[in-house]
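Visitor: take this sequence and fold it.
(2 chains)
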Amino acid sequence: MTDLTKATAAELSDLLANKEVTSREVTQAALDRIAAVDGEVHAFLHVANDAALADADAVDAARAAGEPLAALAGVPIAVKDALTTVGMPTTSGSRILEGWVPPYDATVVAKLKAARMPILGKTNMDEFAMGSSTEHSAYGPTRNPWNTNVIPGGSGGGSAAAVAAFEAPLAIGSDTGGSIRQPAAVTGTVGVKPTYGGVSRYGLIALASSLDQIGPVSRTVLDAALLHEVIGGHDPKDSTSLDKPATSFVAAAQRADLSGVRVGIVKELSGEGFDAGVKQRFEEAVALMTAAGADIVEVSCPSFVHALAAYYLVLPSEASSNLAKFDAMRFGLRVSPEGVSEPSAEQVMAATRDAGFGDEVKRRLILGTYALSSGYYDAYYGSAQKVRTLIAQDFDRVFADVDVLMSPTSPTPAWQLGAKLDDPMAMYLQDIATIPANLAGIPGISVPAGLSDGLPVGVQFLAPALADDRLYNAGAALERLLVEKWGTHLIGQAPELEVAR
Amino acid sequence: MTQTLVDFDEALTRYEPVMGLEIHVELNTASKMFCGCATEFGADPNTQVCPVCLGLPGSLPVVNAKAVESAIRMGLALNCEIAEWCRFARKNYFYPDMPKNFQTSQYDEPIAFNGWLDVEVDGETYRIEIERAHMEEDTGKSLHVGGSTGRIHGADYSLLDYNRAGIPLIEIVTKTIEVPGDKAPAVARAYVNQVRDLMLALGVSDARMDQGSLRADVNLSLRPVGTTAFGTRSETKNVNSFRSVERAVRYEISRHAGILDAGGSVLQETRHFHEADGSTSAGREKSDADDYRYFPEPDLAPVAPSREWVEELRGTLPEPPTERRKRLQTEWGFTDLEMRDTIGAGALELVVATVEAGAAPASAKKWWLGELARRAKEDGVELDAMPITAVQVAELQGLIEAGRINDKIARQVIDGVLAGEGSPEAVVVGRGLEVVSDEGALSAAVDAAIAANPDVAQKVRDGKAAAAGALIGSVMKDMHGQADAGRVRELILEKLS
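Guide: You can find the predicted model right below:
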């Protein structure tokens, strides 16, 4: 193996198990790659060189001693900065948490540690996961490894870019309306939003509690499945964690068999607003799947037209409450108002929130505060919850006839940095196809579908709650068909980064 | 601002009060409402905290099942219906002692609703309708340092203790209480008292008003006699003793009447109660438009107690208070009046405990309603806040019955116990109060008294036994009170027969 950074997690797992490489070698290769390219990509907010190498040495020693180890033991990983990590700063991309080092690990982080996966560092994100481009990070944007003048998607642009730029074989993301899947689509990587409750949210800095879900980011569907099995499972610390979440993702990814699989094309998630190149790649994917034995039908989910509106009521409402804790009293930034000699606690809270939150965060907090106000609750939050029920009913109805749904992940490929910053609505529309899954709590995956004008686009599969395995089966099958066609994974077609040449 | 107060009785000639009572009960669960932190009272500040109750980013709540159980038992004891399905909600407002800047509470879906509790005042029974009992978490505590008032205004700085943040609370809210005005203060007091007794009987709370584990808010408005529309209410917060509940109702009736008589309108606001003079003062202005932006707590699963569980818990309820009182009255052989006095003095549970510790019911009542009630009143504290326990009172009575002290000495023993000198036994030994039963010393003292009072002695010899009292007094004085007066009397009569 000449370049360990290009290996998939599954390949690394085999190499490590066969003692052909050590975790230190793999981890060092990733850290070297980060040192070489991250000045350009800016996928990381914090790189944990020493801790990652110490973890790598420990797992190498454990392997040498013959201890039983998890499949991904020794495979390094990057973690979105929305998850708490002992000993590493956790900012959620916000100035208000600058320098905060949590005293506890998120459950998912604890599981990564238990699986002996060295943590390379924390990845960049839109502030508090509000955005679709990672430009709303208080610490500067992340750039798309395919073209550093375009955005890497968001909010988890850092995790997607880290994986796409071969800085890490795997990463953790979080998806509230598409924050794992849309960045995966625009960076040519794989991203999975599991069934709501399938992965513990304990330690995930909440954006919208009823929508947030942690999931895997990778370069192959099998790698995502391997990681999903590490991070999934019931957690008594999360009341919304499911008692018996889905399993057997790896087996499904290895099956990759479309014969007899009924696939629904959602009428409302195609056509108008979708870029021509995106539509073309989608249609090619459908044709390949049909040829491979999938049974394709068109289905209609009429309530989806209200999804975006409902989402932009539920999300800001919950966020306005979730983000109230950032008040300078117990942790994080503390700012005293100018020209006030003995400010009250309330004045300090207001000054800190004014200085510590970015414009997009303020926009949504104001929206949410308004939507929950007495007299507006029924019209806004209450109605939005009813739309969620209708969307869930649409899904129930169509899943009676099909195994999975299929759509483009995102309406367009990545755009130039700054192009949509002044047009929040255009930014919000990026999530039109990904939002319904969050509103209904069902799982979704984005797999690379090819290029449009030289930039990656993705195809999304959706499955009923707890049927995440169907995503891995369908996703891996399409991936195999495309790799056969291209002779390589899409990511293998990415241009070498300028700085790394 | 001058406050015109109208005499209570006079106020009632023109107005009738409408009350609502809210009681917050801190549950005595071992851990907090939504995390595993300990709940012990009085620990060093910020030692019983974790990421969840500190509201650290990323933390999530998990409902304490024991707290739900306590809430259901409490609801059943208050004759409530128990929800088949209910949720928590977030009550959003910013305050430094509230870690998440929202309180996780129940809003329109309480765990228990539509109940009642009968209370007795002066032999009359009043049914208090319960609107709801819901679960919520307590806030932390702010300690305002500097300044003169201990309140936030004028303080130099404030300290925050989050040990209390997340302690499970049940809030019990009555429907409007409309009773004859002259009974309102006593009914309010009796209700709070009875809720407290119920909590103790259920074993779900320490229910200590002095420690804040049971706190009462008194909502009160007046309306002209004969009218039906409600007036504007005031909300007197955190009244911290039974007696204060009664006084707060009286004061607010007088205060509202003063405002209404002058043609003014009552401000809808919270009021602070002042123990020292029984008055209230303005707190925070309130309106029904206060906007807490309630919405269902998305981090918690709904609470859906099965009917089987509810019925199982119903089987664990203590005897209903009314039936229990009837049973106790029969067992103790008290008259209706004695029973009413005992309850009225807030001494019922104390007498129960004293009887359980071995004292006769009449003796137990004698101490609690007599000497101890007098001293509690002098000190301005609740009877059960006196630093003497039911077990100690039973011990005191035991010492008397064993002839080791007499009634008069017993009062000195009480002094010692209240002064923290230990148990009655320890005080008797420590202060050397044991009565002299040495026959030789007593006999000598009696001889001396007879010799010193020949006229009195002669009267006794002449058959006037009542005159012996003076001689007994003389002997007791000589013995510094530490003599068995009965035996002294016997000796005098023997010697002068």
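Visitor: would you map out the domains in chain B?
Guide: Residue ranges for the domains of chain B, per automatic domain parsing: B:8-312, B:319-431, B:439-495.
Visitor: what mean pLDDT does the last one get?
Guide: The predicted model assigns domain B:439-495 a mean pLDDT of 84.
Visitor: swap in stretch A:258-276?
Guide: Mean pLDDT, computed over stretch A:258-276, is 92.
Visitor: what's the nearest residue to the residue in the stretch 351-497 of chain B that chain A sits nearest to if we skip its chain neighbours?
Guide: For the stretch 351-497 of chain B and chain A, the shortest gap (CB to the nearest CB) falls at residue B:385, measuring 33.6 Å. In short, each C-beta sits where N, CA and C put it, glycine included. Leaving aside its chain neighbours, residue B:385 sits nearest to residue B:210 (5.5 Å; criterion: CB to CB, 6 or more residues apart in numbering or on different chains).
Visitor: was I right to think the one you found contacts residue B:240?
Guide: Yes. Distance between residue B:210 and residue B:240: 6.6 Å, which falls inside the contact criterion (CB atoms under 8 Å).
Visitor: who has more neighbours out of those two?
Guide: residue B:240 (18 against 12; other CB atoms under 10 Å in any protein chain shown).
Visitor: how far away is that one from residue B:218?
Guide: Counting by CB to CB, to the nearest Å, the separation of residue B:240 from residue B:218 is 12 Å.
Visitor: tell me the pLDDT of residue A:425.
Guide: On the pLDDT scale, residue A:425 gets 84.
Visitor: tell me the secondary structure at it.
Guide: Residue A:425 falls in the helix class when you classify it by DSSP: H, G, I helix; E, B strand; the rest coil.
Visitor: distance of it relative to chain B?
Guide: 25 Å (CB to the nearest CB, to the nearest Å).
Visitor: wait, what's in contact with that residue?
Guide: Contact analysis of residue A:425 by CB atoms under 8 Å, 6 or more residues apart in numbering or on different chains lists nothing.
Visitor: how about residue B:47?
Guide: Counting by CB under 8 Å, 6+ apart, residue B:47 has contacts residue B:163.
Visitor: tell me the SS of the residue of chain A most remote from its centre?
Guide: Distance to the chain centre peaks in chain A at residue A:341, reaching 44.5 Å (criterion: CA atoms, centre = their mean). For residue A:341, the assignment made with three-state DSSP gives coil.
Visitor: what does chain B put close to chain A?
Guide: B:51, B:54-63, B:90, B:92, B:94, B:96, B:99-102, B:158, B:160, B:289, B:291, B:293-295, B:298-301 (CB under 8 Å from any CB of the partner chain).
Visitor: residue B:92: how many residues sit nearby?
Guide: Applying other CB under 10 Å, we find 20 residues neighbouring residue B:92.
Visitor: nope, residue A:280 is what I meant
Guide: 14.
Visitor: thought it was touching residue A:452?
Guide: Yes. Judged on CB under 8 Å, residue A:280 makes contact with residue A:452 at a distance of 7.4 Å.
Visitor: phi and psi next, for residue B:406.
Guide: Backbone torsions for residue B:406, taken as degrees, to the nearest 10, come to phi -110, psi 180.
Visitor: likewise residue B:306?
Guide: Torsion angles at residue B:306 (phi, psi; degrees, to the nearest 10) stand at phi -70, psi 150.
Visitor: tell me how many other residues surround it.
Guide: Other residues near residue B:306 come to 9 when the count uses other CB under 10 Å.
Visitor: look up how far chain A lies from it.
Guide: 16 Å.
Visitor: so how far is residue B:68 from that residue?
Guide: 12 Å.
Visitor: one more: residue B:362?
Guide: Taken as CB to CB, the span from residue B:362 to residue B:68 is 43 Å.
Visitor: and residue A:292, by the same measure?
Guide: Counting by CB to CB, the gap from residue A:292 to residue B:68 is 52 Å.
Visitor: looking at these two now, which is surrounded by more residues?
Guide: Neighbours were counted for residue A:292 and for residue B:68 using other CB under 10 Å; residue B:68 has more, 20 against 16.
Visitor: ok, that one - contacts?
Guide: Contacts for residue B:68 (CB under 8 Å, 6+ apart) come out as B:111, B:135, B:303, B:305.
Visitor: can you tell me the SS state at residue A:438?
Guide: Secondary structure for residue A:438, judged by three-state DSSP, is helix.
Visitor: verify the assumption that residue A:110 is located in a helix.
Guide: Yes. Judged by three-state DSSP, residue A:110 forms part of a helix.
Visitor: tally of neighbours for it?
Guide: Neighbours of residue A:110 under the rule other CB under 10 Å: 20.
Visitor: residues touching it, list them.
Guide: residue A:203.
Visitor: so what pairs up with residue B:136 in the strands?
Guide: Counting by DSSP bridges, residue B:136 forms beta bridges with residue B:105, residue B:169.
Visitor: can I get the CA coordinates of stretch B:337-347 in PDB?
Guide: Taking Å, rounded to 0.1, in the frame of the first residue of the first chain, the C-alpha atoms of stretch B:337-347 are listed here in PDB:
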ATOM      1  CA  LEU B 337     -63.000  19.500  70.800                       C
ATOM      2  CA  GLU B 338     -59.800  18.000  71.900                       C
ATOM      3  CA  MET B 339     -59.200  16.600  68.400                       C
ATOM      4  CA  ARG B 340     -60.000  19.900  66.800                       C
ATOM      5  CA  ASP B 341     -57.600  21.700  69.100                       C
ATOM      6  CA  THR B 342     -54.900  19.200  68.300                       C
ATOM      7  CA  ILE B 343     -55.400  19.600  64.600                       C
ATOM      8  CA  GLY B 344     -55.800  23.300  64.900                       C
ATOM      9  CA  ALA B 345     -52.500  23.600  66.700                       C
ATOM     10  CA  GLY B 346     -50.700  21.700  63.900                       C
ATOM     11  CA  ALA B 347     -49.900  19.000  66.500                       C
END
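Visitor: pLDDT (mean, whole number) over it?
Guide: 88.
Visitor: in that stretch, which residues are buried?
Guide: B:338, B:339, B:340, B:342, B:343, B:344, B:345, B:346, B:347 (16 or more other CB atoms under 10 Å in any protein chain shown).
Visitor: other residues contacting that stretch?
Guide: B:120, B:122-123, B:190, B:193, B:242, B:325, B:328-329, B:332, B:334, B:348, B:351, B:365, B:368-369, B:373, B:382-384.
Visitor: per-residue pLDDT, the nearest residue to residue A:31 once chain neighbours are set aside?
Guide: Nearest non-adjacent residue to residue A:31, counting by CB to CB, 6+ apart: residue A:49, 5.6 Å away. With respect to pLDDT, residue A:49 scores 98.
Visitor: how about residue A:328, secondary structure?
Guide: Residue A:328 is classified as coil under three-state DSSP.
Visitor: surely it touches residue A:336?
Guide: No. Look at residue A:328 against residue A:336 with CB under 8 Å: they stay out of range, at 9.3 Å.
Visitor: what sits in contact with each of these two?
Guide: residue A:348.
Visitor: so between those two, which is more surrounded?
Guide: Between residue A:328 and residue A:336, counted using other CB under 10 Å, residue A:328 has the larger neighbour count: 21 against 15.
Visitor: which residues touch that one?
Guide: Residues in contact with residue A:328 (CB under 8 Å, 6+ apart) are A:334, A:335, A:348, A:349, A:352, A:353, A:356.
Visitor: just to revisit the earlier point, counting neighbours, which of the contacts of residue B:68 comes out on top?
Guide: The member of the contacts of residue B:68 that has the most neighbours, counting by other CB under 10 Å, is residue B:135 with 28 neighbours.
Visitor: tell me, what's the model's pLDDT at the spatially closest residue to that one that is not a sequence neighbour?
Guide: Leaving aside its sequence neighbours, residue B:135 sits nearest to residue B:71 (CB to CB, 6+ apart; 5.0 Å). What the model reports as pLDDT for residue B:71 is 98.
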